[in-house]
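Visitor: Build me a structure from this.
(2 chains)
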Amino acid sequence: MKKNLYRTLLVTVLLADAVLLGLAGKREQKKRIYMAERPLVTIPAYADSLVLPPNIAPLGFTAECPDMKIKAVKFSAFVYPQADPANPIGTDTALAVGQILFDPWPGKFEAQHLRQWHGLLAGAKNGFIRVEITAYPDGQPDSLQCFPPLTWFIADEPIDPYIIYRTSIFEDASYHHLVIEQKNIENFETQPLLDNFLMNRNCMNCHACEGNNINNFLVHLRGTLTGTLLARDGELLKLKIPDSHPGLRLVYPSWHKGGDFIAFSTNQVYSQHFSTPNRKGLVTVDTLGDIVVLDTKTLELFSCDELTSDEYDDVFPCFSADGRSLFFCRAPARGTEAERQALEKVRQQARHTPADSLFFRTGERLENWMGVSDEQIEKANALRADLMQIDFDPDTRRFSNLRTVARFSDMNRSVTMPFASPDGEYLVVSVLPTTTFSVQVMGDLYKIHLHDSTPSGMVPTGVECGYRIEPIHSLNTDGSETFHSFSSNGRWMVFASNRETFGIPELYISYVSEGRFAKPFILPQAETDFYARNLRAFLFPFLSAEPAKFNATKTAEAAHGESVELKVIDLDKYKTAARPASESGP
Amino acid sequence: MRPDIKRYGIFLLFLCLAITTDAAEHHTAWLNVMNADRRTPPRNTLWKNDDTTAENHASDARVALEQNEPIKARIAAERYFQTAADTAADRTEMATILKWALVTTGRLNEDFLTYGRIPEMGLMLPISFPATDIAKPYSCLTIACGLYVPALSTMICATDRNGLDLFSARLLTEICIGTGRLSLARRYIAHLPETEQDDWYRQLKQHRQALWAWDSLPYHLPSEPTTTDAWVSLFYPLNAAEKAAYNLTPAQARCLLDYYTLLQLLHKRLELLPDITEAYREQGVTRLPTYVQEALLLSMNYLNGGVSKDELSRWRAGDLRIEPGVVERFERWFHAFTALRNGADNWHDIRQNHGDSYVFYFIWDGVAF
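Guide: You can find the predicted model right below:
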């Protein structure tokens, strides 16, 4: 009996051991973490060695592979110790100054996440943060994988905390719902400034700020509430072109330093969709216009002979940083000798230039494009703009000394959307194969040094160009990069690019140091999977140092309210109606 | 009557009844189309309601479109036109659904003219940009005709106006995958119910693997050439007179030719290879650069669907020959690449052994590793 009891006890103990060992093994298995060889591919694809502003909101992301789920992300902050004056050799060893762990990785950043993140960034100025991601295959939460960390550097210079942009569906033919929004890039707070649901679903476009001040703002309204909304120190005013000048339209604006003047082009925008059965080609946007300037104190519109020539069409004016000159893009006008010469040149080049070079897809046979004649192709190819400059005296409102900055047409390129850096050192422009509208998948950003005429190798011999030109390789991709603008301190540039999908333009920010541009990162959003689902386009970004004093309700009231008529000085050519679109097509 | 005969008789009766019922279910649709007036009410769910109005038929046609059932859609659309007023609002939409059904079932040529009495059937595609309220049938029709771009534009505009419903998300996903817009497709898939997502992701994955092979080439967007590149490509290749005019030394001409060749090969302009080879021959070059030889092999393979042995032997015998070592390496690559396409896990080997070759650049340039 006693023997049986011992035996039973022994068996029980052995069984208990087995159970304990099994459980321990299971626990051990749970702890196992595999090291992945490559970094996790995420949406959006954040690169290593990004440079972030010290006041940016956290950068959210999700795994690119739908079978992979991110479990946790650890951000560790490091700084480089200050060099000791007594010991000038110093040390290269970075010191860890803090870390935060988001476990679980949130679907949306909440207030507590922002607090933790900003606390970390505050200590990491001039240092860097290391990003370590742990993820697991879907349905196997115990098979954790740890990925090689990313390093993001934290700059010393902050970025203006507000970004203003227009959002719409990404198909350019639709403007059913357009919103101009202001987003606080420190905490994701978003506020609509204009919403066309409140404005009879009008089209509204081409907004611009004075410097980096959203309260000096301008936007055009089309449709039933036609006019231009002008905000001066947050006070809204609706402007109207007098009936005596039915052909005059105010389109692409540029504010003069100080806000006393705004330059506009007077384009007729006309688009044409070319497509194959599978691909949409170029949307040719014909930009016929002159340059006029609005005096915001007297509400007078004026120009000069050089900027209203019938021989040329001008577009995308841009005041220089000091306000003493005006840059703009110029192409031959339709039906002129200049256009005939451009066409002849395109025809001569046909042997070497693919006939469909205006399309983003090369190698496609021409006859596959639907409804496009050779002549249309040639005309579209001939529409290439050069960069011009004219001096401007704000005291006398006089222009002088018109000159060519760079003849991009001689390089088989077209230039568009110049934007001067705040320090006046250089211009950033969009360069396209043809036309002047770069929404399509084709624009690249180039830099034109305004105080450097060293030959860059980019400009062939014999091509007229007084400045050094170079592409900004760190920003350009096979997608389109365009609609760029700078922060008030000139250290950050924001631009739109459709590189993720080749369809949806989204906003990117790049650090600028001594004229060099760091790898850009996409504008952070509160939802970590935002860019895995986003179907809205973000365009025309501007950075602002302060929030807007107006909102969507106030702008809607102003849009529906009375408008003030502008005074037009001369510009008699606009006393007749605008040229019909049929004349302006390619 | 003998009991077994009686049993067989009853069995036969039931069998006939069953066959008749089945036929009625599957084929009355066509009979109804042919003999609309003599039709008995079929057992199709489309005719469940005896008091069917034009609105009901229109609704049935829309449902059939969304469920990708062209026969039902055709019947419902026909019934609609039999009952709808001449000024009904959705006639264009129903005509579009009818045309989609005809195209999808392969009956367009046979049956299209029989609808001459319906004015809305006069044109294959609606004129100009279609109203977004008929976006779905219009898009289905254009896709059926192989015209993806109009479908994409229309659907995007429609979703801007009406929101992204399930059918629109599916349709847009299909269009995006079908046209190689995989990143965009992924975003639409994210808007589908999770139960559906796996299937679409599988399709996406398969499509991406296919695209990584030959099919991706036309979709690849080459980087824009620098302006110097554009300048060089403008005036080269030169003829003798032009060379004389530019007064180039032989070394300069060779340098320019190499530069031009690299430029064109980086842009994957294989069709220029005959001109380029001729230019090398004119310059008295005895050996083509290796990357040009690889490009020539690729050109034979890519453009002709396989290396032509005759062409290859001609090249081997010519003054500017493709060297045996280059051919062997290309063949090794081709076998490895074929194995990869068939599912072999040899990607790292290919990258290691052929990463420095032109064929590798030609195929995988622009692909994020």
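
Visitor: mind giving me the domain ranges of chain A?
Guide: Domain assignment for chain A, taken from automatic domain parsing, gives A:33-83+A:90-154, A:162-584.

Visitor: Mean pLDDT lowest where, among those domains?
Guide: The minimum mean pLDDT among these belongs to domain A:162-584 (a mean of 81).

Visitor: Tell me which stretches of the stretch 101-250 of chain A form helices.
Guide: Ranges of helices in the stretch 101-250 of chain A, per DSSP state H, counting those that start in this stretch, are A:111-123.

Visitor: Find the residue closest to residue A:72 in space, skipping its chain neighbours.
Guide: By the measure of CB to CB, 6 or more residues apart in numbering or on different chains, the closest residue to residue A:72 outside its immediate chain neighbours is residue A:103, 3.6 Å from it. No exception for glycine: its C-beta is placed from N, CA and C like everyone else's.

Visitor: Other residues contacting the longest strand along chain A?
Guide: Assignment by DSSP state E gives strand A:68-79 as the longest strand of chain A. Strand A:68-79 has contacts (CB atoms under 8 Å, 6 or more residues apart in numbering or on different chains) with A:40, A:61-63, A:94-105, A:117, A:120-121, A:123-138, A:141, A:144, A:154.

Visitor: Direction included, what does it pair against?
Guide: strand A:95-102 (antiparallel), strand A:128-137 (antiparallel) (DSSP bridges).

Visitor: Of those, which stretch is the most buried?
Guide: Mean neighbours per residue, mean count of other CB atoms under 10 Å in any protein chain shown, is largest over the strands paired with strand A:68-79 for strand A:128-137, with a mean of 20.

Visitor: quick one: it to chain centroid distance?
Guide: 27 Å (CA atoms, centre = their mean, to the nearest Å).

Visitor: residues making contact with it?
Guide: Counting by CB under 8 Å, 6+ apart, A:33, A:39-40, A:42, A:46, A:63, A:67-78, A:94, A:120-121, A:142-147, A:149-154 sit against strand A:128-137.

Visitor: Get me the contact residues on the stretch 51-200 of chain B for chain A.
Guide: Within the stretch 51-200 of chain B, the positions near chain A by CB under 8 Å from any CB of the partner chain are B:129, B:146-150, B:152-153, B:156-157, B:159-161, B:164, B:178-181, B:183-184, B:186-188, B:190-191, B:197.

Visitor: In helices, which of those appear?
Guide: Among these, the ones falling in helices (DSSP state H) are B:148-150, B:152-153, B:156-157, B:159-161, B:178, B:183-184, B:186-188, B:197.

Visitor: ChimeraX command for the buried members of these?
Guide: A single ChimeraX command is used to select the members of these judged buried by 16 or more other CB atoms under 10 Å in any protein chain shown:
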select /B:148,149,150,152,153,156,157,159,160,178,183,184,186,187,188,197
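
Visitor: Straight-line length of stretch B:160-171, end to end?
Guide: Start-to-end span of stretch B:160-171 (CA to CA, to the nearest Å) is 15 Å.

Visitor: Where do the helices of chain A begin and end?
Guide: Counting by DSSP H, the helices of chain A are A:2-31, A:111-123, A:337-349, A:374-382, A:530-533, A:552-560, A:581-584.

Visitor: Now do the helix or strand hosting residue B:207 against helix B:182-189, angle only.
Guide: Residue B:207 is located in helix B:194-212, with elements delineated by DSSP states H and E. Put simply, helix B:194-212 runs at 170 degrees to helix B:182-189, going by axes from the mean of the first three to the mean of the last three CA atoms, to 10 degrees.
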